[in-house]
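Q: sharing a sequence plus its predicted fold:
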There are 2 protein chains.
Amino acid sequence: MLKQKITLKHIAKELDVSISTVSKALKNSEEISRDTKERIQAFAKLYNYKPNNIAISLKNKRTKNIGVIIPDIVHHFFTTVVRGIEKYANSKEYNVIVCLSDESFDKEVINMEMLANGSIDGFIMSLSSGTQEKNDYNHLKEVTEQGIPLVLFDRITQEVACDKVVIDDQLGAYRATKKLIEQKRSRIGLITIGDYLSVAKARTIGYQKALKENGIAVNEDFILRMPTMEMDEGLIREFFQKQQLDAVLCVNEIFAVFGMRVAKEMGLHIPKDISFIGFTDGLLSKYANPSLTAIAQHGEEMGETAAKMLIERVERDEDSTNFRTKILVPTLVERDSTIH
Amino acid sequence: MLKQKITLKHIAKELDVSISTVSKALKNSEEISRDTKERIQAFAKLYNYKPNNIAISLKNKRTKNIGVIIPDIVHHFFTTVVRGIEKYANSKEYNVIVCLSDESFDKEVINMEMLANGSIDGFIMSLSSGTQEKNDYNHLKEVTEQGIPLVLFDRITQEVACDKVVIDDQLGAYRATKKLIEQKRSRIGLITIGDYLSVAKARTIGYQKALKENGIAVNEDFILRMPTMEMDEGLIREFFQKQQLDAVLCVNEIFAVFGMRVAKEMGLHIPKDISFIGFTDGLLSKYANPSLTAIAQHGEEMGETAAKMLIERVERDEDSTNFRTKILVPTLVERDSTIH
DNA sequence: CAAAGCTTCGAAAACGGTTTCGTGTTGATA
DNA sequence: TATCAACACGAAACCGTTTTCGAAGCTTTG
């Protein structure tokens, strides 16, 4: 009962013409007579002929697929980026193959190798923490040396020459910290990850810069560096109990929301006694209680930009080496966790 | 400077053997002598030969790609499902091509057609609300008639014969409602979507069933049906002001979290004056304030199950028609928005 | 009426593999 | 010494397209 997929060959045999004629007729080639074209097109339409993508890919050496490798998909930020990529890619008739590295170097390598052998026309990716920690980018270099375009976003490295798109993390942290200072906060804490993560490092610098510029000494005790991306409730509680803070900047919204909970448990009022600002303007920030002032990373725009850069490079195949880095500007979304 | 991808042909020419010999040697075929095999394998390794996936796909008529079409990727539930799919698929060396229907019938159809022409070995999908509303499943039927395996999850339809995996939404709502009743709640509201959404309908039935079984009349005024998936703050505020509820069941966590905010604004104490339970145990539930008692939908497990069903069907190619529907059991995660 | 030019189509190569089948060479067997 | 099996390899078909090139058959032109 299976309707077998119909091919050019079937049509050719049925209509007693050659395969080439069918192919040309369906492309409305001038070479083919009006009559024959109409016969063939009608037949193809009747049997709902659709060319086989794989065969076309093999012939053209172009798949119209783009590979996206991200550390995690449950992180809201990456989700919005994927959505932006999808949006632009779909408008250009590209498919998106998503792979998760799970923050692991090995999985990142495996996924790249799986896709690099013809499955995709180019990569968009954000480095896993494992990779940034290991500081090994040979898998990326190999891919670019083969002429496969690559766009790095958010978690990038300067080690590999390719297009990049990031937000100005340092600026984001700087502005957020400055905002806190303007509100007469002086004991401003920072909850972050180890500096091996490119974005975490930039944010820390922005935070410190704002403090210094405003005559506030950087107190290392006010900086909590979480060992992993995972929440460790104990560490955060301890941090709040030890340091008497009146404001906290967090590199992600989970840390921020949990920090707020701890502060409330300690009887502090937000934002009267203590202010909070978190990176990534996601669902949590919006629906937290109080709602969280956040630094929006514009993930969707980032995704669209990355997809645009990639597809442009894929489609003009002369491989120029003038790579561009696009820097998006973060914006501060003020809500109830800061005074306004 | 581009390292051209090396092919069998290159190796064959370089080593002065035939392409077939190279192919066999790399597969360690018994046909080829020890010597030749070693020569060829060493050469291939040296030049890092990897077979071209597209060529293999064309030959085998198997792509090792599975297509996933979901309504939205920023919804936490779908994200966890994708993660489950990825996890299982990767372990079987499959890639996952993700497409977003954006809750639109048209986009769903376009995406299916894009992928159905050879790009994938099978589909895993959850219906867009547009499709469920339109009640048109011809695109699904066409695909299955072509012999492409399809697994539907969560938002499914009985109109098309294929494997399915869902959670028992009715049971979830039933248990949640019962839990509220046990806590002496009697004015129990429901915030849901229109009944055209299969899951919303099932949840409404479960809710009503629990009420009836416990001698509580179903009051239609206690049911708020949101016109779309989007939050409409005004509607929710109005609902709470009109009805004096002492408990609310919500079909997603966004409604629940926002409901809690409104309740608090009205001076109600959670859970003393009013309890909340929401579907989908996501980040919001966990980090809400108070944390939200939730019905866990086990998205990751659902994704793994769906991927397993699909890949099993893909790999035994005899197309049996005994389709299975796997029903997962939801669990109630009790937190601070209910008494315990 | 022969040469030239169109129109319309088909053969075949190519993309990069896999696989079947055939064949030449070798050594063992009768 | 003729026969035969085992061994090692290559030719070619095939997957489904696209595209170049050549070649009929016809019409036009000098």
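A: Received, thanks.

Q: going by C-alpha atoms from here, please, whenever you check contacts or count neighbours.
A: Noted.

Q: and chain A, which residues reach DNA strand C?
A: Residues of chain A found near DNA strand C (C-alpha under 7 Å from any atom of the strand) are A:16-21, A:30-37, A:55, A:58-59, A:61.

Q: out of the residues you listed, which are buried?
A: Those of the residues of chain A next to DNA strand C that meet the buried threshold are A:19, A:21, A:32, A:37, A:55, A:58, by 16 or more other C-alpha atoms under 10 Å in any protein chain shown.

Q: so which of those reach chain B?
A: With C-alpha under 8 Å from any C-alpha of the partner chain as the criterion, these include A:55, A:58 near chain B.

Q: can you lay out the buried ones among the residues of chain A next to DNA strand C as a markdown table showing pLDDT and secondary structure?
A: Output for these, formatted as a markdown table (pLDDT from 0 to 100; DSSP: H, G, I helix; E, B strand; the rest coil):
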| residue | pLDDT | secondary structure |
| --- | --- | --- |
| A:I19 | 97 | helix |
| A:T21 | 97 | helix |
| A:I32 | 95 | coil |
| A:K37 | 96 | helix |
| A:A55 | 97 | helix |
| A:L58 | 97 | helix |
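
Q: do a quick rundown of the helices in the stretch 151-300 of chain A.
A: A:169-182, A:198-213, A:233-242, A:253-265, A:283-287, A:299-315 (DSSP state H, counting those that start in this stretch).

Q: do the stretch 1-150 of chain A as well
A: So, for the stretch 1-150 of chain A - with DSSP H, counting those that start in this stretch - the helices run A:8-15, A:19-26, A:34-46, A:53-60, A:76-91, A:105-116, A:129-134, A:138-145.

Q: buried stuff in the last one?
A: Right, helix A:138-145. Applying 16+ other C-alpha under 10 Å to helix A:138-145 flags A:140-141, A:143-144 as buried.

Q: looking at these, which one is closest to A:A173?
A: A:L140 (28.9 Å; C-alpha to C-alpha).

Q: and that closest one, what pLDDT?
A: With respect to pLDDT, A:L140 has a value of 98.

Q: who touches it in this structure?
A: By C-alpha atoms under 8 Å, 6 or more residues apart in numbering or on different chains, the contact set of A:L140 is A:V160.

Q: before we move on, the earlier item: out of the helices of the stretch 151-300 of chain A, which gets nearest to B:K92?
A: Of all the helices of the stretch 151-300 of chain A, helix A:299-315 comes closest under C-alpha to C-alpha, at 28.3 Å.

Q: before we move on, the earlier item: tell me which of the helices of the stretch 1-150 of chain A is the most buried.
A: Neighbour counts (mean count of other C-alpha atoms under 10 Å in any protein chain shown) averaged over each of these peak at helix A:76-91, with a mean of 22.

Q: distance between that one and the chain's centre?
A: Computed by C-alpha atoms, centre = their mean, to the nearest Å, the chain-centroid distance of helix A:76-91 equals 8 Å.

Q: is that helix positioned near chain B?
A: Yes: applying C-alpha under 8 Å from any C-alpha, one finds helix A:76-91 in contact with chain B at A:76, A:79-80, A:83, A:86.

Q: tabulate these in a markdown table, adding columns for pLDDT.
A: Converted to a markdown table, the residues of helix A:76-91 next to chain B look like this (pLDDT from 0 to 100):
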| residue | pLDDT |
| --- | --- |
| A:H76 | 89 |
| A:T79 | 95 |
| A:T80 | 96 |
| A:R83 | 97 |
| A:E86 | 97 |
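
Q: out of those, who's nearest B:Q244?
A: Taking the residues of helix A:76-91 next to chain B together and measuring to B:Q244 by C-alpha to C-alpha, the closest member is A:H76, at 35.0 Å.

Q: quick one on the thing from earlier: make JSON lines out of the helices of the stretch 151-300 of chain A and add mean neighbour count and mean pLDDT.
A: Converted to JSON lines, the helices of the stretch 151-300 of chain A look like this (neighbours: other C-alpha atoms under 10 Å in any protein chain shown; pLDDT from 0 to 100):
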{"stretch": "helix A:169-182", "mean neighbour count": "22", "mean pLDDT": "97"}
{"stretch": "helix A:198-213", "mean neighbour count": "20", "mean pLDDT": "96"}
{"stretch": "helix A:233-242", "mean neighbour count": "14", "mean pLDDT": "93"}
{"stretch": "helix A:253-265", "mean neighbour count": "21", "mean pLDDT": "93"}
{"stretch": "helix A:283-287", "mean neighbour count": "21", "mean pLDDT": "91"}
{"stretch": "helix A:299-315", "mean neighbour count": "22", "mean pLDDT": "97"}
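
Q: which one of the ones you listed lies closest to DNA strand D?
A: helix A:299-315 (14.6 Å; C-alpha to the nearest atom of the strand).

Q: angle of that closest one against helix A:76-91?
A: In terms of direction (axes from the mean of the first three to the mean of the last three C-alpha atoms, to 10 degrees), helix A:299-315 departs from helix A:76-91 by 40 degrees.

Q: and the next helix or strand past helix A:299-315?
A: strand A:325-328 (DSSP states H and E).

Q: after that next one, next one along is what?
A: Next along from strand A:325-328, by DSSP H and E: strand A:331-333.

Q: against which helices or strands is that following strand packed?
A: helix A:169-182, strand A:293-296 (3 or more C-alpha pairs under 8 Å, 6 or more residues apart in numbering or on different chains; DSSP states H and E).

Q: which outside residues touch it?
A: By C-alpha under 8 Å, 6+ apart, strand A:331-333 touches A:172, A:175-176, A:281, A:293-297.
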